[in-house]
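J.: Have a look; sequence and predicted model below, questions after that.
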Amino acid sequence: MAANRGGTGRQLNRTSLTSLHAALGPILPAAIDLNGARPDALAAHPLIGKALSSKLLRLRRKVRIDTPDQLLHAGLVDEARVRQLRAYAFGATPLHPLLRGIGIEGRRLYVDEPFALHFEWLRATAVRASILSLSLRFPSGRVAELDIRLSPKEIEACRLAVPGFASGESGDLYVLATLRDAAGGISRQSARFGVFTRNPVQVFVSPQFLTQSGRAGAPKFNFAESRWYCNADVRWVNGESRPVNLGRRVDVSVSDAGVGTIENFSFNLAGDVVIPAYSTVYGNWFHWHAGGPTFDVFHAKGDVTVRYAMSGSGFSPQRTQIWRTMRTVGFNIIRVGDFTSTERSEYQRAAAQIASGIYQSRDMTVYGTELYRIEGTTDMNADKARWRFIDNDAEFDAMAAKYSVPNWYMDVFMVESYFAGFGASYVSAPTDKNGSRSGIVIGRDSDTVNLGQTFAHEGGHHLGLEHADENDGCADTDPASPTISDNFIFSSSRRDSAVITGCQINKMRTHGFVRSMTP
């Protein structure tokens, strides 16, 4: 019997790991003393190297090097090289303040424990330091930036401690510091620190593709193989003082939205995951589904919660991740009246961007919009004149009963005005588009954001929702809630009403007009 699920992956090799570290931010050379640095340190410095270090050593046997510009005057470097050296090298007379180092208190950083970063710079003779700018990339991917204007005391001390940081995850913390001086010059330095947990060995799983809300992994469907693939980047962290070997086996347990287990399986990586002491290693894996319960849930536009577990060296780290298929809707914009080309573009933007932005908070997006018009034949021209201004429900019903587009998009009749406000739709429109309940009507609106909210609001009705403050059968839209007016389908929703609850999206996604991004 052919397997209907499997997977594999690997730990990154040295070259890939170097590229990954470089992607965190620039790896900048340390400031170096042209007079005091050891020969091997000069040769290893990326801006000097072996050839220049030999010439520099001969020069400094003869004279004291006051500034990097002295290398230019001696014919050892050109203008381009000396401009680089000014930012990362100094002589006996440092003209500008240069960052010398970035450090921490203690030997290591730990998850959820506050820490301070320490910065030191070279005392300059000509220009004083002024502002220290920081950019931190935490292991979770979160980025924090701040600018600190240095006090006279800090400038004189040539050092600064910046407290108040904490990391919620273990892994690599990247720090980029930029020291600006009073003359507009800058000195930059970078550093990377490991963040560990008191529970020392952990695994983190980051989907390579996210749903548009950014909250869940998006599985990809391979049409040629008829398989769903869940691709993830993986990070293993070891806070132990000894190496840890977690082996290559990954045990997987899948539950339907976290409720009950629907299947268990395992897959093997290409090699053992070996984490050196106090280190983070990176890799990736994927698992695929060509049948079975997980495949069925994905095909039904559902979501699953997957728990991954590994075991080795006395440790059994686990991590859970939600995988969810993206759901889509479409709009047929049927113009009934006279609209300019600018208005037509704005109506499409309201549906494809504003309404889609509201839906994306719950992993549903607008797949597309198509433009149509009631106009062109004698009969259609008469209908355009009759229904360009909708004065009562009977006119709306007659128009929707007569016209529809034979596809799975929702039919939206854009009219010049609608008697009852911004727009209207019946609840739970028929997917066969037969009868008067198969359309949405929306009146002309020059406010694109307001119009987009109307598309989302009336689309919600079309897909099965009552108003949030009415008897909608959803406990999470309790009318007593103080923020009910923020709900996208509140009876008097505003242009910024964009909240969609879990109960609401679960009702919407069962409608026939809602499709999955892939089968």
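T.: Yep, that arrived.
J.: so where do the helices sit in the stretch 51-200 of the chain?
T.: If DSSP state H, counting those that start in this stretch is used as the criterion, the helices of the stretch 51-200 of the chain fall at 69-73, 79-88, 152-157.
J.: For Gly283, which of these is the nearest?
T.: For these, the distance to Gly283 is smallest for helix 79-88, at 33.4 Å, taking Cβ to Cβ. C-beta here means a position set from N, CA and C on the backbone, and glycine is covered the same way.
J.: nearest to Thr340, of the helices of the stretch 51-200 of the chain?
T.: Between Thr340 and the helices of the stretch 51-200 of the chain, the shortest separation by Cβ to Cβ is 54.9 Å, and it involves helix 79-88.
J.: distance from the centroid: which residue in this structure tops it?
T.: Summary for the chain: using Cα atoms, centre = their mean, the residue whose C-alpha lies farthest from the chain's mean C-alpha position is Lys62, with a distance of 56.3 Å.
J.: rewinding a little: okay, the helices of the stretch 51-200 of the chain in a markdown table with distance to Asp40 next?
T.: A markdown table is the format used below for the helices of the stretch 51-200 of the chain (distance: least, Cβ to Cβ, whole Å):
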| stretch | distance to Asp40 |
| --- | --- |
| helix 69-73 | 19 |
| helix 79-88 | 17 |
| helix 152-157 | 31 |
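J.: Next, format these as JSON lines and append mean pLDDT.
T.: Compiled in JSON lines, the helices of the stretch 51-200 of the chain are given as follows (pLDDT from 0 to 100):
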{"stretch": "helix 69-73", "mean pLDDT": "92"}
{"stretch": "helix 79-88", "mean pLDDT": "90"}
{"stretch": "helix 152-157", "mean pLDDT": "94"}
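J.: out of these, nearest to His462?
T.: In terms of Cβ to Cβ, the element of the helices of the stretch 51-200 of the chain nearest to His462 is helix 79-88, at 60.4 Å.
J.: Poorly predicted segments of the stretch 201-350 of the chain, please.
T.: 212-214, 257-259 (pLDDT under 70).
J.: need the helices for it, in chain order.
T.: Taking DSSP H, counting those that start in this stretch as the criterion, the stretch 201-350 of the chain contains helices spanning 293-299, 341-349.
J.: next one: the stretch 401-519 of the chain
T.: Under DSSP H, counting those that start in this stretch, the stretch 401-519 of the chain gives helices at 448-462, 502-508.
J.: wait, which of the ones you listed is closest to Phe315?
T.: Taking Cβ to Cβ, helix 502-508 is the member of these nearest to Phe315, at 34.9 Å.
J.: The closest one - contacts with which helices or strands?
T.: Taking 3 or more Cβ pairs under 8 Å, 6 or more residues apart in numbering; DSSP states H and E as the contact definition, helix 502-508 has no neighbouring helices or strands.
J.: So what touches that helix?
T.: With Cβ atoms under 8 Å, 6 or more residues apart in numbering as the test, helix 502-508 has contacts from 362-364, 460, 463-465, 468, 472-477, 487, 489, 514.
J.: swap the cut-off to 10 Å and go again
T.: With Cβ atoms under 10 Å, 6 or more residues apart in numbering as the contact definition, helix 502-508 has outside contacts at 257, 302, 327, 329, 359, 361-364, 428, 459-460, 462-466, 468, 472-477, 487-489, 500-501, 514.
J.: Would you write a PyMOL line that selects the buried entries of these?
T.: Entered in PyMOL, the line below selects the buried ones among the contacts of helix 502-508, by 16 or more other Cβ atoms under 10 Å:
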select buried, resi 302+327+329+359+361+362+363+364+459+460+462+463+464+465+466+468+472+474+477+487+488+489+500+501+514
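J.: just to revisit the earlier point, for Arg137, find the nearest of the helices of the stretch 51-200 of the chain.
T.: Closest approach to Arg137 among the helices of the stretch 51-200 of the chain (Cβ to Cβ): helix 79-88, 21.8 Å.
J.: Buried ones in the closest one, by neighbour count?
T.: In terms of neighbour count (16+ other Cβ under 10 Å), helix 79-88 has its buried residues at 81-82, 85-88.
J.: Please apply the same query to stretch 387-396.
T.: By neighbour count, with 16+ other Cβ under 10 Å as the criterion, the buried positions of stretch 387-396 are 387-388, 390, 395-396.
J.: Alpha carbons of it, as PDB, please.
T.: Once side chains and other backbone atoms are set aside, the C-alpha atoms of stretch 387-396 remain, and they are given as PDB (Å, rounded to 0.1, in the frame of the first residue of the first chain):
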ATOM      1  CA  TRP A 387     -32.600  50.600 -11.800                       C
ATOM      2  CA  ARG A 388     -29.800  53.200 -11.600                       C
ATOM      3  CA  PHE A 389     -31.600  54.600  -8.600                       C
ATOM      4  CA  ILE A 390     -33.000  51.900  -6.400                       C
ATOM      5  CA  ASP A 391     -36.000  53.400  -4.600                       C
ATOM      6  CA  ASN A 392     -37.400  50.200  -2.900                       C
ATOM      7  CA  ASP A 393     -36.700  46.600  -2.200                       C
ATOM      8  CA  ALA A 394     -39.000  45.400  -5.100                       C
ATOM      9  CA  GLU A 395     -36.600  47.100  -7.600                       C
ATOM     10  CA  PHE A 396     -33.600  45.500  -6.000                       C
END
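J.: And the contacts of that stretch?
T.: Contacts of stretch 387-396 from elsewhere in the structure, counted by Cβ under 10 Å, 6+ apart, are 335-339, 374, 386, 398-400, 402-403, 413-420, 423-426, 436, 439-444.
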